[in-house]
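Enquirer: Sequence first, then the predicted structure, then my questions.
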Amino acid sequence: MDTLSTRVMITGMGIVCSIAQTVQEFVEAIREGRSGITKLPEQYNHSVRIGAWIKDFSWQNWLNKLSDLDPAIHRRACKVLNNTTDSTRLSACGAIQAFQNAHSAGMNKTPDELGIIVAGSNLAQSYTVENWKRFSESGRMNPRYALSFFDSNQVGCLSEILAIRGPGLTIGAAAASSNAALFQAFHWIRCGLVKRCLVVGAAMEFSPMELEAFAILGAASCNQFAGDPDRACRPFDQAHEGFVWGQGSASVMLESAQWRGGLPAIGEISGVSLLLDGNHLPDPSADGEARAMRTALESAKLEPDRIGYINAHGSSSALGDRTECAAIKAVFQESISNIWINSTKSLTGHCFSASGTIELIATILQLNGGFVHPNRNLDNPIDLELKLAGNQAGPLSAQYALTNGFGFGGINSSLVVKGNNA
Amino acid sequence: MSYDKREIFEIVKNNTLNVLPDLLPDDITIDRSLTDLGANSVDRVEIVLYSLDDLKLKIPTSELHGVRDLRALVDLLFHHSTAS
């Protein structure tokens, strides 16, 4: 079997974020352009006052409501999630959805060839801070801490819940973590190491320390929109002033098309890239971002004019947005007037390690649903040549899309995505 | 505050039910061990530490290592609670 030509299909998706707790809710939320950004609870005494917080969520209720959940998975999830990090609980909810979704699409046996990659590092900062507080005040230690502080504990927890026996690990690449994990899973499937791989974009639980540190660097929105959360996240608008943190986790199941033998899929990852700028700073590079987009297109064997939609990294950072516009124009040149562009972060906030899987799901839903979701708060675009989505959803007719993820430390990644509408 | 052995057993039992949500209250009797109730190595530490928290006790970890069943655990906790 010529595994290097195996197509990599998307067969399951799951999400829990500030605007949706299932994929069905997510498609409605993005179509309507709903924002999850609100004021943060008052006890967070730091410069950052706003975030896309998940409200009214209990993992137990969420599991109990999930229809047709295998009772064995439910039982193992209740046990494993009983005392662990919130990030792990959110990962489990997204991963179980994607796993179940992929099964209901035709695959009812879990083969040993199922792998798992959890995207993100330093996922449980607030858990660590809270355990430190308890320990320093009372001398008492949470007995699970020695397990739960490892990001790789999420690999263990999810493998136990879903009975996964293939390869598994975590991958960290800052805000490009999910894209890096999808890049890796794509190659695992292409080279025949696994037939299927679950990619879990894990939620980053920042503590007040991380939020303050981002504010000091000028990366996080904390000035003119502190009292007006709904208007704070405005990718590609002239008044953008930094990212707004979002809580969220999303998972996708990738499967080898050859192994599936022609069963229908939700979509396909056609090409991937993951490249470095040779720079450890947060400064983005237009050359580096353009190189990532070109390399992904080459990997998909596509010319730039085949792309009809770009899900931008678009974090609402002034320098980041400008740099990405320049990079997109350099790659797509004259075809740029035909390509719709938006940023899902204008709705969900910036979910860091999970942003790549969240945005992959948003991309697929828009390609398959034939719409481009609003790019909220785009009142005065920084670039008039780009076809940026406005405050209303619009129709989209595209076969291929590109989704970008750029991380601190010059980590650039792009994915070429194909919908199932062609 | 001092506790009798029955109260200490009830505290251990409640923590066991919290850590092992599949168990029924009647499963947990003084003659059983946490291991045969299905507690793994971390579950056992969790149950003991939560019980120590509830009893406001500190016991050197080494003393807990030889405990084989719930009766021995309750005896040890009772011994320390009356000594403190």
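Expert: Ah, there it is.
Enquirer: Which of the helices or strands spans the residue positioned nearest the centre of chain B?
Expert: What sits nearest the mean C-alpha location of chain B, by CA atoms, centre = their mean, is B:Val12, with 4.0 Å. Element membership for B:Val12 (DSSP states H and E) is helix B:5-19.
Enquirer: Outline the domain layout of chain A.
Expert: Following automatic domain parsing, one gets these domains for chain A: A:3-260, A:269-419.
Enquirer: Indicate which one of the ones you listed is closest to B:Leu64.
Expert: domain A:3-260 (11.8 Å; CB to CB). The C-beta positions use only the backbone N, C-alpha and C, and glycine is treated the same way.
Enquirer: ok, which stretches of chain B are helices?
Expert: Assigned by DSSP state H, chain B shows helices spanning B:5-19, B:41-55, B:61-64, B:70-83.
Enquirer: and chain A, which of those helices is closest to it?
Expert: Closest approach to chain A among the helices of chain B is made by helix B:41-55 (4.3 Å; CB to the nearest CB).
Enquirer: Just the buried residues of the closest one, please?
Expert: B:43-52, B:54-55 (16 or more other CB atoms under 10 Å in any protein chain shown).
Enquirer: of those residues, list those near chain A.
Expert: B:45-46, B:49 (CB under 8 Å from any CB of the partner chain).
Enquirer: Now do the SS call for the residue in chain A that chain B sits nearest to.
Expert: Nearest residue of chain A to chain B: A:Pro143, at 4.3 Å (CB to the nearest CB). State at A:Pro143, reduced to three classes by DSSP: H, G, I helix; E, B strand; the rest coil: coil.
Enquirer: check contacts around it.
Expert: B:42, B:45-46, B:49 (CB atoms under 8 Å, 6 or more residues apart in numbering or on different chains).
Enquirer: what's the closest of the residues you listed to A:Leu367?
Expert: Taking the contacts of A:Pro143 together and measuring to A:Leu367 by CB to CB, the closest member is B:Val42, at 44.1 Å.
Enquirer: circling back to that earlier point, select, out of the helices of chain B, the one closest to A:Ala226.
Expert: helix B:41-55 (39.2 Å).
Enquirer: B:Leu37 reaches B:Asp27, doesn't it?
Expert: Yes - contact criterion CB atoms under 8 Å: B:Leu37 and B:Asp27 qualify, at 6.5 Å.
Enquirer: The two: who's more crowded?
Expert: Comparing B:Leu37 with B:Asp27 by neighbour count (other CB atoms under 10 Å in any protein chain shown), the higher total belongs to B:Leu37, at 19 against 14.
Enquirer: neighbours of A:Glu212, just the number please.
Expert: A:Glu212 has 17 nearby residues by other CB under 10 Å.
Enquirer: Is it correct that it is in contact with A:His46?
Expert: Yes - A:Glu212 is within contact range of A:His46, at 4.4 Å (criterion: CB under 8 Å).
Enquirer: for the helix-or-strand element of chain B with minimal mean pLDDT, which positions count as buried?
Expert: Lowest on mean pLDDT, DSSP states H and E among the helices and strands of chain B sits helix B:61-64, with a mean of 86. Buried residues in helix B:61-64, counted by 16+ other CB under 10 Å: B:Leu64.
Enquirer: I'd like to know which elements it is packed against.
Expert: In terms of contacts (3 or more CB pairs under 8 Å, 6 or more residues apart in numbering or on different chains; DSSP states H and E), helix B:61-64 is packed against helix B:70-83.
Enquirer: pLDDT at B:Ser84, what is it?
Expert: Per-residue pLDDT puts B:Ser84 at 64.
Enquirer: Same question for A:Pro41.
Expert: A:Pro41 is assigned 78 on the pLDDT scale.
Enquirer: Can you tell me how far the residue nearest to it when sequence neighbours are not counted is from A:Thr348?
Expert: Counting by CB to CB, 6 or more residues apart in numbering or on different chains, the nearest residue to A:Pro41 once its immediate chain neighbours are dropped is A:Trp53, at 7.8 Å. For A:Trp53, the distance to A:Thr348 equals 11 Å [CB to CB, to the nearest Å].
Enquirer: and the contacts of A:Pro143 as CSV, adding pLDDT and distance to A:Lys195?
Expert: Shown next, in CSV, are these (pLDDT from 0 to 100; distance: CB to CB, whole Å):
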residue, pLDDT, distance to A:Lys195
B:Val42, 91, 32
B:Val45, 91, 38
B:Glu46, 92, 37
B:Leu49, 91, 42
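Enquirer: Dump these to a markdown table, plus distance to A:Cys222.
Expert: As requested, the contacts of A:Pro143 are arranged in a markdown table below (distance: CB to CB, whole Å):
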| residue | distance to A:Cys222 |
| --- | --- |
| B:Val42 | 40 |
| B:Val45 | 41 |
| B:Glu46 | 39 |
| B:Leu49 | 39 |
